[in-house]
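Asker: have a look at this prediction, sequence included:
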Amino acid sequence: MTPILEVEDLVKHFPVHTGIVLKRTVGHVRAVDGVSFDLHKGETLGVVGESGCGKSTLAQVLMRLEPPTSGKVRFHGEDVFSKRGKALLALRRQIQIVLQDPYTSLNPRMTVGDIVGEPFEIHPEVAPKGERRKAVQDLLDVVGLNPEHINRYPHQFSGGQRQRIGIARALALKPEVIVCDEPVSALDVSIQAQVMNLLGDLQRDFGLSYIFIAHDLSVVRHLSDRVAVMYLGKIVEIGSEDEIYNRPAHPYTQALLSAVPVPDPAVRAARTRIRLTGDVPSPVNPPSGCRFRTRCWKATEICEDEEPALEVRGGGHHPSACHHAEEQHLLPSS
Ligand SMILES: Nc1ncnc2c1ncn2[C@@H]1O[C@H](COP(=O)(O)OP(=O)(O)OP(=O)(O)O)[C@@H](O)[C@H]1O
Ligand SMILES: [Mg+2]
């Protein structure tokens with residue numbers, strides 16, 4: 001089956017300027033630096049990595065909110081970046097985004113009805129004018145909000161409810177793909193689970209495909225079929241939920257996992273905590289060879305000289321970008 005989305009060697013560099021009037025480009029932030037993956041229908045791909053590794057930039061480029069530096073994205077086999085006019089408008093319907101901060105992403109002067117119904121202004125074919133109020137009320141109902149609150153303003157809702165408003169808006173145009181950029185990071189832990197469950201239900205009911213971005217491996221586990229781990233603009237490991245959580249091969253993934261709290265004391269005792277030292281290097285001037293080598297306990301000479309490709313290595317079963325990749329067999333924690 002053709003993947004719904006194919007991302008091929010995607011690159012996004014931002015120029016770094018000096019000077020106020022005469023701007024001179026002195027370098028580039030390599031925010032996304034050669035990222036490839038597929039997304040299948042009905043699937044959730046988790047994208048995980050520390051702050052600044054390029055997750056939101058990846059989302060922005062996929063949404064065509066930022067132009068790519070290079071690379072290809074295909075949606076149902078069709079090139080996304082060459083689309084203009086009507087074809088671009090049609091594409092924009094199909095891929096929607098839910099953002100992290102439910103406090104700033106909703107216009108405080110618009111009612112919930114106007115916010116959720118706004119996409120219909122651009123795509124009147126989805127809901128004709130006379131049916132819009134009903135359509136918005138249906139959407140509020142679907143995300144677990146009271147349809148009678150259609151005339152309220154964002155400040156009258158809690159954080160979790162505001163995120164539901166954002167989700168209703170993303171659903172309005174019946175998209176196939178939703179990019180969720182840390183949709184629960186700003187919410188209380190108890191509310192996070194409710195919003196995650198809602199996203200899971202919506203996926204099942206409407207056959208949605210998700211790209212689900214998070215800082216933390218524990219957040220995406222429940223929802224993800226596959227997970228991609230990013231470090232400094234690159235995917236360092238990608239695999240099924242089972243492969244990433246029970247048989248991680250890249251030292252960075254192993255370190256991230258060792259920091260995830262494990263409820264079972266027996267499993268916890270069997271795990272060793274890997275502490276990463278040092279900061280994430282600057283994406284303007286990443287280390288030569290393997291970008292993770294400056295923080296890696298396995299690093300040798302080859303890591304400095306040669307950039308490791310993302311490929312299946314050393315008797316493993318899923319791709320990782322490490323010269324010394326070795327699957328670590330962890331006891332399942334659930
Ligand atoms: N418009 C921009 N201009 C210049 N640099 C940018 C721009 N947007 C992002 N960057 C830089 O690109 C890098 C990746 O940023 P990005 O926001 O994609 O990371 P992220 O993984 O989403 O981080 P976080 O977890 O904090 O949201 C960072 O170094 C950031 O400073
Ligand atoms: Mg981000």
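Answerer: Yes, it's here. Ligands and ions are numbered 1, 2, ... in the order given.
Asker: state the distance from residue 45 to residue 326.
Answerer: According to Cβ to Cβ, to the nearest Å, residue 45 and residue 326 sit 24 Å apart. All C-beta spots, glycine's among them, are computed from the backbone N, C-alpha and C.
Asker: out of those two, which sits in the busier spot?
Answerer: Higher neighbour count among residue 45 and residue 326: residue 45, with 22 against 16, using other Cβ atoms under 10 Å.
Asker: what's the burial count for the residue in the stretch 101-250 of the chain that ligand 1 sits nearest to?
Answerer: Relative to ligand 1, the nearest point of the stretch 101-250 of the chain is residue 215 (5.6 Å; Cβ to the nearest ligand atom). The number of residues packed near residue 215 is 16, by other Cβ under 10 Å.
Asker: now the helices: where do they sit in the stretch 51-200 of the chain?
Answerer: Ranges of helices in the stretch 51-200 of the chain, per DSSP state H, counting those that start in this stretch, are 55-62, 85-94, 112-122, 132-142, 159-171, 189-206.
Asker: so can I have CSV of these showing mean neighbour count and distance to ligand 1?
Answerer: Putting the helices of the stretch 51-200 of the chain into CSV (neighbours: other Cβ atoms under 10 Å; distance: least, Cβ to the nearest ligand atom, whole Å) gives the following:
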stretch, mean neighbour count, distance to ligand 1
helix 55-62, 23, 3
helix 85-94, 13, 20
helix 112-122, 19, 23
helix 132-142, 18, 27
helix 159-171, 23, 16
helix 189-206, 15, 16
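Asker: of all the ones you listed, which one comes closest to residue 308?
Answerer: Ranking the helices of the stretch 51-200 of the chain by proximity to residue 308 (Cβ to Cβ) places helix 55-62 first, at 20.2 Å.
Asker: distance check, the closest residue to residue 277 other than its chain neighbours against residue 279.
Answerer: Nearest residue to residue 277, sequence neighbours excluded (Cβ to Cβ, 6 or more residues apart in numbering): residue 295, at 6.3 Å. Residue 295 is 8 Å from residue 279, where distance means Cβ to Cβ.
Asker: beta partners of the residue lying closest to residue 175 once chain neighbours are set aside?
Answerer: Excluding the flanking residues, the one nearest residue 175 by Cβ to Cβ, 6+ apart is residue 96, at 4.2 Å. Beta-bridge pairing of residue 96 under DSSP bridges involves residue 178.
Asker: contacting residues for residue 96?
Answerer: Contacts were defined as Cβ atoms under 8 Å, 6 or more residues apart in numbering; by that measure residue 96 touches 170, 171, 173, 175, 177, 178, 179.
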